[in-house]
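Visitor: Pasting a predicted model and its sequence here:
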Amino acid sequence: MLCEPWSTDRFELGEGLRLRGRDLFMVDILTGRLLRLDPRTPGPAEVVAALDVPLGAVAPVRGEPGRFVAAAGTGVALLSEGGAPEWLARPEDGAATPMRMNDGCCDPSGRFWAGSMAYDGTPGAGSLYRADPDGRVTRVLEGYTVPNGPAFTADGARMYLADSAEGRIDAYEISPDGAPGARTVFARVGDGSPDGMQVDAEGHLWVAVWGAGRAHRYDPDGTLERVVDLPAAQPTSVCVVDAPDPRLFVTSAATGLDRPGPGDGALFSVPVDVSAPAAQPFGGNP
């Protein structure tokens, strides 16, 4: 597979790849920037918004071009291009140890799910939150150290959630009202840590593997189906895009590396033979 950098940009902690229409969005978490790229033509990233707090992930708001729901700072906010965040809730304010929001995504019912983590990596300090279309934000899971993902099947009945610190990918059955069932272990990653994830149109789970320079693709039963090698030590998120031929885009991070290599912090593109899933926005049915 030909893996190539898609931009000359290098990011401190690139994450949160999401497709909206013809645009590919991502974040640089620690610099608080929301970025836009063209998945059809390589080129530099455009800064869409810049916050004074970390920006973990965004998802588009249904029917409102240029508007996003965001996991940012200590909570969940609505964000317009170039505008200040409108906070729905900041549940990690005043936590026993300083916290920040991390990865997140929407399920097919238009609910936004996002995890939190401690800056110092305190074990079990992280939680998973669900933001409903009416703006309510609820803590639904606790005890994670570095929650990443989540990712949902096309019917929304199953959610995958990684704890990067534990090298584990969990699966939860999700009720129609958005309540997770019992946790089952879907897969364990022995070399590296599972980071950002996405379920493709065939129902397979793609996972960026931090610290191993790889992306994994898992069968729905948890069998490792494919490994994609990447020229970066710390891959962080994945997104399959039909643009116009299917490609896997992968972000990476340079943060924490004593001697970053030429590919560390880059956004990569890899041709693949699978189709992209439907993009899931925040909000009710159209």
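Guide: Thanks, I have the structure now.
Visitor: residues near residue 46, how many?
Guide: Close neighbours of residue 46, defined as other CB atoms under 10 Å, add up to 12. Backbone N, C-alpha and C define where each C-beta goes, glycine included.
Visitor: For it, give me its contacts.
Guide: Going by CB atoms under 8 Å, 6 or more residues apart in numbering, residue 46 touches 35, 36, 37.
Visitor: Can you say which of the residues you listed are buried?
Guide: By neighbour count, with 16 or more other CB atoms under 10 Å, the contacts of residue 46 hold 35, 37 as buried.
Visitor: Dump stretch 69-82 to PDB, keeping only the CA atoms.
Guide: C-alpha atoms of stretch 69-82 as PDB (Å, rounded to 0.1, in the frame of the first residue of the first chain):
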ATOM      1  CA  VAL A  69     -20.700  19.900  18.700                       C
ATOM      2  CA  ALA A  70     -17.300  19.600  20.400                       C
ATOM      3  CA  ALA A  71     -15.500  17.800  23.200                       C
ATOM      4  CA  ALA A  72     -13.500  20.700  24.500                       C
ATOM      5  CA  GLY A  73     -11.800  21.800  27.700                       C
ATOM      6  CA  THR A  74     -13.700  20.200  30.600                       C
ATOM      7  CA  GLY A  75     -17.000  19.600  28.800                       C
ATOM      8  CA  VAL A  76     -19.200  19.700  25.700                       C
ATOM      9  CA  ALA A  77     -19.900  22.800  23.600                       C
ATOM     10  CA  LEU A  78     -21.500  24.000  20.400                       C
ATOM     11  CA  LEU A  79     -19.000  25.600  18.200                       C
ATOM     12  CA  SER A  80     -19.300  27.800  15.100                       C
ATOM     13  CA  GLU A  81     -16.600  28.500  12.600                       C
ATOM     14  CA  GLY A  82     -14.400  31.300  14.000                       C
END
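Visitor: Now do that stretch: distance to the chain's middle.
Guide: In terms of CA atoms, centre = their mean, to the nearest Å, the centre of stretch 69-82 is found 14 Å from the chain centre.
Visitor: in it, what counts as buried?
Guide: 69, 70, 71, 72, 73, 74, 75, 76, 77, 78, 79.
Visitor: Run through the stretch 51-200 of the chain and note the low-pLDDT ranges.
Guide: The stretch 51-200 of the chain contains no residues with pLDDT under 70.
Visitor: Name the nearest of the buried residues of stretch 69-82 relative to residue 224.
Guide: Nearest to residue 224 among the buried residues of stretch 69-82 is residue 71, at 28.2 Å by CB to CB.
Visitor: The strand or helix carrying the closest one pairs with which strands, parallel or anti?
Guide: Assigned by DSSP states H and E, residue 71 falls within strand 67-72. If you go by DSSP bridges, strand 67-72 pairs up with strand 55-60 (antiparallel), strand 75-80 (antiparallel).
Visitor: who's in contact with it?
Guide: Contacts with strand 67-72, where a contact means CB under 8 Å, 6+ apart, come from 25, 32, 34, 51, 53-61, 76-81, 85, 88, 101-104, 106, 112, 114-115, 131, 282.
Visitor: Tell me the buried residues within those residues.
Guide: Buried by 16+ other CB under 10 Å: 25, 32, 34, 51, 53-61, 76-79, 85, 88, 101-104, 106, 112, 114-115, 131, 282, out of these.
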